Each structure stands twice: as structure tokens, then as C-alpha cells.
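Undergrad: okay, here's the prediction I keep looking at, along with the sequence it came from:
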Amino acid sequence: MNLFADIRVLVIDALDRMVADGALPAGLDTANVAVEPPRDAAHGDMATNAAMVLAGPAKLKPRDIADALVPLLTADPRISEATVAGPGFINLRLAPAVWQGIARRVLAEGTGFGRSDMGQGSRVNVEYVSANPTGPLHVGHTRGAVFGDALASLLAYAGYDVTREYYINDGGAQVDVLARSVYLRYLEAHGQEVAFEDGTYPGDYLIDVGQALKDKVGDRWIGAPEEDWLEPIRDFATDAMMELIRSDLAALGVKMDVFYSEKSLYGTGRIEAALAHLQSKGLIYEGVLEPPKGKTPEDWEPREQTLFRSTAHGDDVDRPVKKSDGSWTYFAPDIAYHYDKITRGFDALIDVFGADHGGYVKRMKAAVSALSDGRVSVDIKLMQLVKLFKNGEPFKMSKRAGNFVMLRDLVEQVGPDVTRFVMLTRKNDAPLDFDFDKVLEQSRENPVFYVQYAHARVQSVLRRAGEAGIDVSDMTLAAADLTRLSHDAELTVLRKLAEWPRLVEIAARGNEPHRVAFYLNELAGDFHSLWNRGNEDASLRFLQDGDIATSQAKIALARAVSVVISAGLGILGVAPAREM
């Protein structure tokens with residue numbers, strides 16, 4: 001149930017009546033007619049741009065259309081007032097009964113209130129984290145993990161069929177480095193002194209892996225040439241790292257549907273098949289790239305390579321897929337991987353990358369466009385950096401992982417709920433400061449606490465009402481006389497609740513789960529404001545001595561707030577607090 005969509009239907013119906021009456025020409029495109037909250041709440045509950053959008057095509061003044069539209073809108077009992085503002089915007093005020101009915105609707109639908117069928121079951125693949133399997137996840141991966149997981153939940157809530165996927169980067173040179181690093185820990189487990197040179201991974205997290213390898217194979221590979229042990233240790237180490245990564249994700253509450261191995265693309269013909277598909281479209285050719293823009297490196301020399309004509313699909317330059325020595329570039333398996341996604345039948349792809357992958361966006365979009373003939377969309381979300389602070393200073397928590405801060409340390413410090421919520425308090429393309437002092441303090445400045453406290457306050461009301469013998473089942477509260485919710489502060493909360501279904505669709509359409517966190521903070525703010533006003537005005541308190549009917553109406557409002565907060569936190573992967 002989207003009240004804004006319902007009122008838009010009313011506006012469109014009124015426009016159709018104007019067409020039937022000859023006040024508007026037939027055939028007008030109403031796709032851009034919108035009903036939205038006004039920029040200034042003092043102007044009304046909703047505003048429509050109908051007259052402004054249609055004035056040009058109708059060859060009429062916006063004001064004339066608006067003046068004719070107003071009486072048709074006010075004839076509906078849901079509209080208490082419609083006024084024309086400026087050149088032709090129409091501000092609407094809705095009858096109190098409309099807002100009061102929102103609480104009843106929330107209680108009837110539960111956390112399903114706000115669910116949408118917008119996605120129509122369209123299949124979406126969300127690929128996120130996809131860290132190299134060379135160590136535990138760090139704080140940078142944490143942000144991408146939370147974002148991707150919340151986005152997947154948001155899209156599912158909005159009616160999409162979502163697959164959560166992790167791309168294991170186990171096909172490149174970094175896993176050979178991992179194998180060599182584990183071999184050093186294996187020698188160390190046998191009592192040998194080792195030195196970690198540049199290009200190896202010195203983190204203590206590999207000590208246990210080296211010991212486990214010793215337990216499995218004994219001294220079989222001590223002194224053996226690298227060609228004997230590189231591949232089996234690489235497989236052993238990759239499996240160990242993926243087990244560690246899965247454990248890290250579980251600590252954060254993230255569970256993947258698919259783990260896809262890059263290694264599975266090599267030697268199986270999949271890369272060749274993807275490039276053959278592009279070649280059949282005339283998009284693969286042998287050529288020489290222009291020198292890099294700016295100052296040309298001294299060692300640069302023109303050489304013939306196998307190139308993907310990505311400029312035909314919006315890229316700035318064509319991209320190499322095979323090096324002059326015949327080996328694949330990093331881009332080639334990525335093309336094959338996305339071709340595999342397309343052949344699996346996904347309608348849309350979403351890739352969550354680190355900020356350092358910005359240069360990859362255009363080429364990847366070009367590849368998906370070419371591979372799917374433009375049928376499959378791809379949205380690439382870049383995660384900006386996370387900076388940790390404590391006592392006003394940059395904070396490093398652990399040396400166990402080498403030179404980075406581990407996800408597990410972060411979660412153990414503040415818990416998964418706080419970690420997840422805070423990671424969504426900024427849009428993905430904005431840097432995020434994670435201040436341990438602020439995220440753990442109990443104040444208005446801490447958005448996690450602020451939202452959780454609102455939910456906990458509602459639970460306290462329900463407990464006190466139960467102790468007083470008041471029936472606070474959702475069925476009973478939904479049947480309460482909600483006309484008793486008439487104060488501006490109560491109506492403000494109801495208006496905010498009504499925005500939830502619209503917010504879900506806006507956030508899902510833009511792949512922006514941070515909007516959910518922002519909304520929850522605003523809803524909590526309106527609820528806390530109502531609570532605080534009750535300290536001064538007894539008539540606004542949720543429990544009214546001796547007046548069960550009014551108490552139930554007010555508790556219905558509080559309960560509706562907790563239902564929507566619970567639904568929103570569910571999308572974010574955060575458990576609502578029952579008491580604080």
C-alpha cells in the first residue's frame with residue numbers, strides 16, 4: 001500500500017475526466033506526473049506537478065490546468081484541501097482519517113507493510129565482497145559486505161528475485177603468492193627460521209594454516225622444488241582462506257547464495273566462448289593501442305594485442321583481452337564471468353567494487369552491453385574508504401593481519417548490528433568515518449542508538465500496557481478508534497509511516513540501501529519528539545489512566561512505529577532492540 005501512488009491514481013483519474021470533458025487534449029503522456037512530499041511541510045502533505053508537466057504538450061497555461069484540476073481533487077473525501085502555488089504546483093492536504101488509517105494498515109500487514117511488487121520477480125544478481133582469498137576480510141571489505149547484503153534484502157523486499165554472489169579471485173598470481181607464504185609458515189611449523197620477503201603475506205593469520213598443512217602432509221614438501229608443491233598448497237591455502245572468509249561473513253550476518261571461482265573459467269573454454277561471442281559481433285580484433293594520455297612512460301612501446309572494441313559500447317578506449325605473449329589480461333576472465341551471469345538468465349547485474357576499481361566501470365558496462373545486446377543492465381557501485389577513529393585519533397586494532405584492520409576485530413569491538421547500521425549512514429560513494437566513541441555512546445548523535453531506542457521504547461509501552469491489563473494484540477489495536485489520534489505530533493508520525501512504501505521503491509530503484517537507514521532515523525526522531533511532548537502534555541502519553549479506548553489508539557500508533565522500524569532494520573540486517 002503506497003499512499004502516494006494511490007493519490008497519484010486520483011490525480012491521473014481527474015486528468016482523464018478533464019480530457020473526457022474537453023478541458024485537456026487527448027493523448028497526453030502522464031508518465032512524468034508525480035505526487036511527492038512538498039519541499040516545505042508547511043505547504044501541505046503532498047504536492048503534484050501535473051499542471052506543470054502537461055502545460056507544454058496541452059498548449060495551456062499551467063495555472064489554468066491547476067485551477068481546473070483542484071475542484072476535481074477536493075471532490076474526493078481523502079483530500080481536505082488543494083491549493084495552487086507558484087506557477088502551477090498543487091499542494092494537497094489529506095483528511096485526518098487517511099493518516100489514521102495508516103496505523104491500521106501497518107498493524108494489519110505487519111512487516112509486510114511497504115513490501116512492493118515493483119520488481120515483478122525480475123532476476124537480479126548482486127555480486128559483493130569478492131575479496132582475494134589471501135587473508136581475512138578487512139574493514140574496507142566490511143562496508144561492501146554490508147552494502148551488498150542490505151541492497152540484496154532491499155531488492156527482495158521490493159519484489160525482485162535476488163541472488164547474492166561472491167566471486168572468488170583464485171585465478172591470478174596472488175594465489176601463488178599465498179601458496180609461497182603458506183609454505184614459509186609450513187617450514188616454520190617444522191621449526192625452521194624463515195624470512196618474509198617483499199611480495200609475500202606476513203600476517204600471523206597464516207600460522208595456523210601452515211600448522212594445518214604440516215598436520216596433513218608431514219615433512220613431504222620440506223626441501224622439495226616449488227613445482228612439486230605450488231599447486232597443491234595453493235588449493236589447500238585457498239580453501240583455508242575461504243573458510244576464514246565465510247566465518248568472517250557469518251560474524252557479520254552475511255550469507256551468500258553462490259561462491260563462484262575465477263579458476264573455474266581457466267582451461268574450461270569459458271573465456272574463449274565469451275570472446276568468441278564478442279568476435280561474432282565484430283568486437284574482437286588485433287590492433288595497437290594509442291599511447292597512454294599524459295606523459296608516456298619510457299618503457300612504453302606500441303605492440304599488437306587482441307582487443308575488445310569497447311568504444312562501440314560507450315567506453316573511452318578499446319581494451320586488451322590478451323597480452324602479446326598470448327596470456328589473458330585480467331579483463332578477459334571478468335568478461336567470461338559476466339557472460340556466465342548473463343547466460344544464467346539474470347535480467348540485471350549489480351557489482352559492488354572498492355573505490356580503487358573506478359577505472360573498471362566503463363569497460364565492464366561496455367562488456368555487459370555487448371555480451372547481452374543491451375538487454376541486461378549492470379550497475380557498478382563503488383565503495384569509498386572507511387576511516388577508523390578512537391579518542392579523536394586514527395585507530396589500528398590488530399597486527400595479526402599484517403597492515404590492515406580485520407572485519408572480525410571490528411565486529412568484536414562493537415557488534416554486528418552497530419557495524420552494519422553505521423556502514424549505511426553514508427551513501428556508498430562518500431567516505432565514511434567510523435568513530436568508536438560515537439557509535440557506542442547513547443545519544444541523539446548516535447543513529448544506531450537513536451533508532452534502537454525508539455523500538456525499545458515501544459516495547460516498554462507494550463509491557464506496561466500488558467501489566468495494566470490492556471489488550472495490545474495487533475488485531476485489537478487495529479480495531480481501535482484511531483480518530484483519537486488527532487494531535488499534530490501524532491499526525492506527523494503517521495505521515496512519516498505513510499512514506500515507508502514510497503521510500504522502499506525509491507531506494508530499490510536507485511540501488512541505495514542507505515536511504516532506509518536515513519528514513520529510520522527520521523521516523524525515530526518524530527517518535528521521540530512525540531514521546532518527549534508527552535512529558536509536558538499528559539494527553540499525548542501512550543497510556544491514559546482509566547481510558548482504555550484512547551490508550552489502545554495511542555498504543556496502536558506506537559506499535560505501528562515499531563513494526564516499520566523492525567521491517568527497515570530487517571532490510572539492513574539489524575536486530576531490533578527490545579530493551580535498552
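TA: Great, that's in hand.
Undergrad: for the chain, what helix or strand is lowest in average pLDDT?
TA: In the chain, no helix or strand scores lower on mean pLDDT, DSSP states H and E than strand 393-394, which sits at a mean of 84.
Undergrad: next structured bit after it?
TA: helix 407-414 (DSSP states H and E).
Undergrad: pop the domain breakdown of this protein in here.
TA: 3-94, 173-251, 444-572 (automatic domain parsing).
Undergrad: for the helix or strand containing Val504, C-alpha coordinates in PDB please.
TA: Val504 belongs to helix 500-509 when assigned by DSSP H and E. Extracted C-alpha coordinates of helix 500-509, given in PDB (Å, rounded to 0.1, in the frame of the first residue of the first chain):
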ATOM      1  CA  TRP A 500       7.700   4.000   4.000                       C
ATOM      2  CA  PRO A 501       6.300   2.100   1.000                       C
ATOM      3  CA  ARG A 502       7.300   5.000  -1.300                       C
ATOM      4  CA  LEU A 503      10.800   5.100   0.300                       C
ATOM      5  CA  VAL A 504      11.300   1.400  -0.300                       C
ATOM      6  CA  GLU A 505      10.600   1.800  -4.000                       C
ATOM      7  CA  ILE A 506      12.800   4.900  -4.400                       C
ATOM      8  CA  ALA A 507      15.700   3.200  -2.600                       C
ATOM      9  CA  ALA A 508      15.300   0.000  -4.600                       C
ATOM     10  CA  ARG A 509      15.100   1.800  -7.900                       C
END
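Undergrad: and the next element down the chain from it?
TA: As assigned by DSSP H and E, the chain's next helix or strand after helix 500-509 is helix 514-536.
Undergrad: list the buried residues of that following helix.
TA: Neighbour counts using 16 or more other CB atoms under 10 Å place 514-521, 523-528, 530-531, 533-534 of helix 514-536 among the buried residues. Using the backbone N, CA and C atoms, a C-beta is placed for each residue, glycine as well.
Undergrad: the helix holding Val504 to helix 514-536, inter-axis angle?
TA: Orientation check (axes from the mean of the first three to the mean of the last three CA atoms, to 10 degrees): helix 500-509 against helix 514-536 gives 150 degrees.
Undergrad: contacts for the least confident helix or strand of the chain?
TA: Residues outside strand 393-394 that contact it (CB atoms under 8 Å, 6 or more residues apart in numbering): Lys387, Leu388.
Undergrad: hang on, Glu441 packs against Val448?
TA: No: in this structure Glu441 lies outside contact range of Val448 using CB atoms under 8 Å: 10.0 Å.
Undergrad: looking at those two now, which is surrounded by more residues?
TA: With neighbours defined as other CB atoms under 10 Å, Glu441 and Val448 compare such that Val448 has more, 26 against 12.
Undergrad: that one should be in a helix, yeah?
TA: Yes: under DSSP: H, G, I helix; E, B strand; the rest coil, Val448 sits within a helix.
Undergrad: skipping adjacent residues, who's closest to it in space?
TA: Using CB to CB, 6 or more residues apart in numbering and skipping residues adjacent in sequence, the residue nearest Val448 is Phe421, 4.4 Å away.
Undergrad: against Lys496, how distant is the one you found?
TA: Distance of Phe421 to Lys496, given as CB to CB, to the nearest Å: 19 Å.
Undergrad: next, Gly546: phi, psi?
TA: Note on Gly546: backbone dihedrals following degrees, to the nearest 10 are phi 80, psi 0.
Undergrad: check it and give its pLDDT.
TA: On pLDDT, Gly546 comes in at 91.
Undergrad: how about Gly282?
TA: Looking at Gly282, the pLDDT reads 97.
Undergrad: give me the number of residues near the nearest residue to it once chain neighbours are set aside?
TA: Of all residues not flanking Gly282 in the chain, Arg309 sits nearest, at 7.4 Å (CB to CB, 6+ apart). When neighbours are defined as other CB under 10 Å, Arg309 has 18 of them.
Undergrad: same thing with Leu289?
TA: By the criterion of other CB under 10 Å, Leu289 has 15 neighbours.
Undergrad: so what's it up against?
TA: Taking CB under 8 Å, 6+ apart, one finds Pro302, Gln305, Leu307, Val317, Asp318, Pro320 in contact with Leu289.
Undergrad: and the second one, that's in a strand?
TA: What that stands for is Gln305. Yes: with three-state DSSP as the criterion, Gln305 is part of a strand.
Undergrad: that one bridge partners, please.
TA: According to DSSP bridges, the partner residues bridging Gln305 are Gly287.
Undergrad: ok, it touching Ser324?
TA: Yes: using CB under 8 Å, Gln305 is in contact with Ser324, at 5.7 Å.
Undergrad: ok, those two, which is more surrounded?
TA: For Gln305 and Ser324, the more surrounded residue by other CB under 10 Å is Gln305, and the numbers stand at 18 against 10.
Undergrad: what score does Glu445 have for pLDDT?
TA: 81.
Undergrad: shouldn't it be within a strand?
TA: No: counting by three-state DSSP, Glu445 is located in no strand; its state is coil.
Undergrad: in what helix or strand does Lys365 lie?
TA: Lys365 is located in helix 361-372, with elements delineated by DSSP H and E.
Undergrad: now that helix - C-alpha only, PDB.
TA: C-alpha atoms of helix 361-372 as PDB (Å, rounded to 0.1, in the frame of the first residue of the first chain):
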ATOM      1  CA  VAL A 361      33.400   0.800 -14.600                       C
ATOM      2  CA  LYS A 362      33.100   1.800 -18.200                       C
ATOM      3  CA  ARG A 363      34.800  -1.200 -19.600                       C
ATOM      4  CA  MET A 364      32.600  -3.600 -17.500                       C
ATOM      5  CA  LYS A 365      29.500  -1.800 -18.600                       C
ATOM      6  CA  ALA A 366      30.600  -2.000 -22.200                       C
ATOM      7  CA  ALA A 367      31.300  -5.700 -21.900                       C
ATOM      8  CA  VAL A 368      27.800  -6.500 -20.400                       C
ATOM      9  CA  SER A 369      26.100  -4.300 -23.000                       C
ATOM     10  CA  ALA A 370      28.000  -6.100 -25.800                       C
ATOM     11  CA  LEU A 371      27.500  -9.600 -24.400                       C
ATOM     12  CA  SER A 372      23.800  -9.100 -23.900                       C
END
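Undergrad: which residues sit against that helix?
TA: Here helix 361-372 has contacts from 274, 277-278, 281, 283, 308, 310-316, 319, 331, 334-335, 338-339, 342, 349, 351, 353, 376-378, 380, 382, using CB under 8 Å, 6+ apart.
Undergrad: which among those end up buried?
TA: 274, 277-278, 283, 308, 310, 313, 315, 319, 331, 334-335, 338-339, 342, 349, 351, 353, 376, 378, 380, 382.
Undergrad: Asp204 versus the closest residue to Lys214 other than its chain neighbours, what's the distance?
TA: Using CB to CB, 6+ apart and skipping residues adjacent in sequence, the residue nearest Lys214 is Ala189, 4.2 Å away. Ala189 sits 13 Å away from Asp204, going by CB to CB.
Undergrad: now Ser280
TA: Shown here: Ser280 relative to Asp204, a distance of 50 Å by CB to CB.
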